[in-house]
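Enquirer: What follows is a predicted structure for the sequence shown.
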Amino acid sequence: MKIKTIAASSLTPGEMQSYLHYAIAPRPICFASTIDKAGNVNLSPFSFFNVFSINPPICVFSPTSRARDNTSKHTLDNILEVPECVINIVNHDMVQQTYLASLDYPKGVNEFSKAGFTELPSEMVKPPRVAQSPVQLECIVNEVISLGKNGGAGNLVIAEVKLIHIDEAVLDADGKIDPHKTDLVARLGGDWYCRVTANNLFKIAKPNNAAIGIGVDALPKAIRNSNVLTGNNLGQLGNVQALPSDEEIDIYSQTDEIKQLLDATIGDSQTRDLQLHLKAKQLLDEGKVTEAWKVLLM
Ligand SMILES: Cc1cc2nc3c(=O)[nH]c(=O)nc-3n(C[C@H](O)[C@H](O)[C@H](O)COP(=O)(O)O)c2cc1C
């Protein structure tokens, strides 16, 4: 790896924005509806956004001041007048209209109408919800923290979730949100976005915290220094709590494929080790960690 190192102070705000937007990605999109004291509704997307606390349930998003003239965004002005918002989650069906809502319309323009979304009255807060959004979070704003005085400075909107509305179409049989059904989108750098699709999803086995994994540092040297196994493979191997017993290894070594591999490499330990590592890698890539361990310990 050849690393390029850049001092933050040497970058223009535009260059900084480009590096950070591309590197800190994908970012989920908060489509925030707000309202001013006079009752004018506003709707704008923000990808400086995430969940930061569960108890209390807190989301934070950040309308920056406009880089060109250091003026504040209407979303922030509204929140300072009426400290409430609805965070509407954006899926692929909504993404082009969401983009349209991000354009710099004059104050007082309702982006629900401009972008063609339907207003749904909220139950606990004044700003309406986006009917098309699969998850809508009614929030009270506890605090706004300004991060600077220059154009582009962020303003952290600390929003406490009070009511969650979920389209039942995105739930699984247990009533949990199913990532195969949400079709969420996220923002990267420049004009790039990405979409959560079934073939992009993968799982990482989460060991129960009472029985934490042995760690990569506990792997035998020959495994840690393998030319075949990748960092991901070592992570999988280090994520087990116990190794298979000699008996389990013995039984596995009698299976046809493994027996063939062992027979074909009698007297040639180098080829045998290579073949065993290749087989273990194949098993790990299929998510069969216990089997991979058995192969590696033969
Ligand atoms: C997907 C997406 C994400 C955005 N994220 C942010 C953001 O995190 N912060 C920000 O200040 N502007 C962000 N913008 C730009 C604002 O949406 C835009 O400035 C908008 O006009 C603000 O509207 P307002 O003045 O009505 O609040 C984003 C735009 C898009 C399309």
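Expert: Ah, there it is.

Enquirer: quick one, what contacts the residue in the stretch 151-298 of the chain that the ligand sits nearest to?
Expert: Here the residue of the stretch 151-298 of the chain nearest the ligand is residue 187; by Cβ to the nearest ligand atom that distance is 4.5 Å. Just so you know, the C-beta spots here come from the backbone N, C-alpha and C atoms, and that holds for glycine as well. By Cβ atoms under 8 Å, 6 or more residues apart in numbering, the contact set of residue 187 is 21, 25, 26, 27, 29, 47, 193.

Enquirer: Might one say that residue 70 is in contact with residue 148?
Expert: No - with contact defined as Cβ atoms under 8 Å, residue 70 does not reach residue 148; the gap is 10.1 Å.

Enquirer: Looking only at the longest helix along the chain, what residues are buried by neighbour count?
Expert: The longest helix of the chain (DSSP state H) is helix 269-285. For helix 269-285, burial by neighbour count (16 or more other Cβ atoms under 10 Å) applies to 272, 273, 275, 276, 277, 279, 280, 281, 283, 284.

Enquirer: That helix: what's the following helix or strand?
Expert: helix 289-296 (DSSP states H and E).

Enquirer: And that following helix, what's buried?
Expert: Of the residues in helix 289-296, those buried (16+ other Cβ under 10 Å) are 289, 291, 292, 293, 294, 295, 296.

Enquirer: just those residues now: which is nearest residue 139?
Expert: Distances from residue 139 to those, taken as Cβ to Cβ, are shortest for residue 289 (40.7 Å).

Enquirer: Skipping its backbone neighbours, what lies nearest that closest one in space?
Expert: Closest residue to residue 289 apart from its sequence neighbours, by Cβ to Cβ, 6 or more residues apart in numbering: residue 236 at 5.2 Å.

Enquirer: Please determine how far the one you found is located from residue 149.
Expert: 48 Å (Cβ to Cβ, to the nearest Å).

Enquirer: Same question for residue 136.
Expert: On the measure of Cβ to Cβ, residue 136 and residue 149 end up 34 Å apart.

Enquirer: Residue 211 now?
Expert: Distance from residue 211 to residue 149, counting by Cβ to Cβ: 50 Å.

Enquirer: Ok, residue 44 next?
Expert: 22 Å.

Enquirer: So between these two, which is more surrounded?
Expert: residue 44 (24 against 8; other Cβ atoms under 10 Å).
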